[in-house]
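**Student:** sequence first, predicted coordinates after that:
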Amino acid sequence: MFPIRDHNPSEKTPYVTYVLIAVNVLVFVSYWPLFADPRALNAFFGSYAMIPASVTGGADWSTLLTSMFLHGGLMHLGGNMLFLYIFGDNLEEELGHLRFLGFYLLTGLLAGTAHVISAPYSSVPTVGASGAIAGVMGGYLLMFPKARIDVLFIFIIFFKVFPVPAWVMLGLWFGLQLFNGVGVDPQSGGVAYWAHAGGFIAGLLLMLPLWLKLGGPAYWQRNKGHPPHPEAEYTMVRSVIPKAGQRRNGDPKPRITDIPRSGRRR
């Protein structure tokens with residue numbers, strides 16, 4: 001299951017979200033040539049990635065920040081930036097540009113701290129914006145629990161897009177982080193599940209003051225958990241695409257496939 005978009009359009013340009021995406025991409029491009037030289041790449045990560053054992057020893061605290069802008073590959077970068085693009089704009093609209101930037105950086109720092117606590121003696125370098133983005137997802141869940149999110153479901157060769165409420169998709173994601181965090185030794189490296197879970201909880205808690213200011217449970221009741229503005233609607237256009245191995249004008253008739261168009265408000 002992979003989110004591809006939400007039905008929650010923002011009414012203001014999310015400048016900070018765009019800048020964060022651009023910075024992450026530019027930083028990745030700047031050290032991309034190092035992937036051809038493992039020694040140089042390891043030296044680079046040794047200087048700027050977050051190593052829990054070093055932080056526990058009182059050194060390299062700055063890497064809690066610098067590691068948030070590093071990624072271990074194109075898929076790692078692309079997945080994180082997609083999540084930030086989907087969920088960041090709405091939280092930026094609610095918080096404002098500067099407060100959202102502070103929120104993002106703080107949740108990233110808290111997520112990194114959660115990973116250090118879970119694996120204090122690990123010498124494995126940790127990189128990625130996942131902790132900060134998990135914080136954005138936690139805040140999104142609190143503010144818009146029933147916002148619709150289109151999720152691409154892939155099962156072997158079958159794939160289909162399903163709209164699901166945010167609480168289902170984000171709740172399932174958070175549950176998986178907890179489940180894997182309990183079942184995997186964080187000292188051994190791999191995915192920093194406790195950084196994800198810690199960032200998610202931090203984001204939810206940091207959004208509580210705004211949620212309470214808007215009315216708390218009454219805010220949910222006014223909008224029934226949905227965004228406080230019309231949701232985007234994505235229409236489906238039926239297009240004729242022939243199956244492989246069949247003539248366009250031959251029998252059986254070509255398969256009809258749904259192709260999504262750009263979103264528009266109701």
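**Tutor:** Arrived safely, thanks for sending. Residues are numbered from 1 along each chain as shown.

**Student:** can you pull out the strands in the chain?
**Tutor:** Assigned by DSSP state E, the chain shows strands spanning 2-6, 148-155, 158-165, 232-241, 255-265.

**Student:** now do Ile4, the pLDDT please.
**Tutor:** With respect to pLDDT, Ile4 scores 87.

**Student:** re the thing from before, lowest-confidence stretch among the strands of the chain?
**Tutor:** With a mean of 46, strand 255-265 has the lowest mean pLDDT of the strands of the chain.

**Student:** and the helices in the protein?
**Tutor:** Remark: helices assigned in the chain by DSSP state H are 15-31, 38-48, 52-56, 63-66, 74-95, 97-118, 130-143, 166-183, 193-213, 217-223.

**Student:** and the ones you listed: which comes nearest Ile149?
**Tutor:** helix 166-183 (5.0 Å; Cβ to Cβ). Heads up, the C-betas are built off the backbone N, CA and C, glycines and all.

**Student:** may I have the closest one exported as PDB, CA atoms only?
**Tutor:** Coordinates of each C-alpha in helix 166-183 appear next as PDB, following Å, rounded to 0.1, in the frame of the first residue of the first chain:
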ATOM      1  CA  ALA A 166      -6.400   9.300   6.700                       C
ATOM      2  CA  TRP A 167      -6.800   7.500  10.000                       C
ATOM      3  CA  VAL A 168      -6.800   4.100   8.300                       C
ATOM      4  CA  MET A 169      -3.700   4.700   6.200                       C
ATOM      5  CA  LEU A 170      -1.700   6.700   8.800                       C
ATOM      6  CA  GLY A 171      -2.900   4.500  11.700                       C
ATOM      7  CA  LEU A 172      -1.800   1.400   9.800                       C
ATOM      8  CA  TRP A 173       1.600   2.900   9.000                       C
ATOM      9  CA  PHE A 174       2.200   3.900  12.600                       C
ATOM     10  CA  GLY A 175       1.100   0.400  13.800                       C
ATOM     11  CA  LEU A 176       3.700  -1.200  11.400                       C
ATOM     12  CA  GLN A 177       6.400   1.000  12.800                       C
ATOM     13  CA  LEU A 178       5.600  -0.100  16.400                       C
ATOM     14  CA  PHE A 179       5.300  -3.700  15.400                       C
ATOM     15  CA  ASN A 180       8.600  -3.700  13.500                       C
ATOM     16  CA  GLY A 181      10.300  -1.600  16.200                       C
ATOM     17  CA  VAL A 182       9.500  -4.300  18.800                       C
ATOM     18  CA  GLY A 183      10.500  -7.100  16.500                       C
END
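
**Student:** that one to helix 97-118, inter-axis angle?
**Tutor:** Counting by axes from the mean of the first three to the mean of the last three Cα atoms, to 10 degrees, helix 166-183 lies at 30 degrees to helix 97-118.

**Student:** residues of helix 166-183 that come out buried?
**Tutor:** Residues of helix 166-183 classed as buried by neighbour count (16 or more other Cβ atoms under 10 Å): Ala166, Trp167, Met169, Leu170, Trp173, Phe174, Gln177, Gly181.

**Student:** nearest residue to the residue most central in space within the chain in space, please, no chain neighbours.
**Tutor:** In the chain, the residue lying closest to the centroid (Cα atoms, centre = their mean) is Phe83, at 3.0 Å. Leaving aside its sequence neighbours, Phe83 sits nearest to Ile133 (Cβ to Cβ, 6 or more residues apart in numbering; 5.0 Å).

**Student:** tell me how many other residues crowd that neighbour.
**Tutor:** Ile133: 30 surrounding residues under other Cβ atoms under 10 Å.

**Student:** report the contact partners of it.
**Tutor:** Ile133 makes contacts with Asn80, Phe83, Leu84, Phe87, Gly88, Gly199, as judged by Cβ atoms under 8 Å, 6 or more residues apart in numbering.
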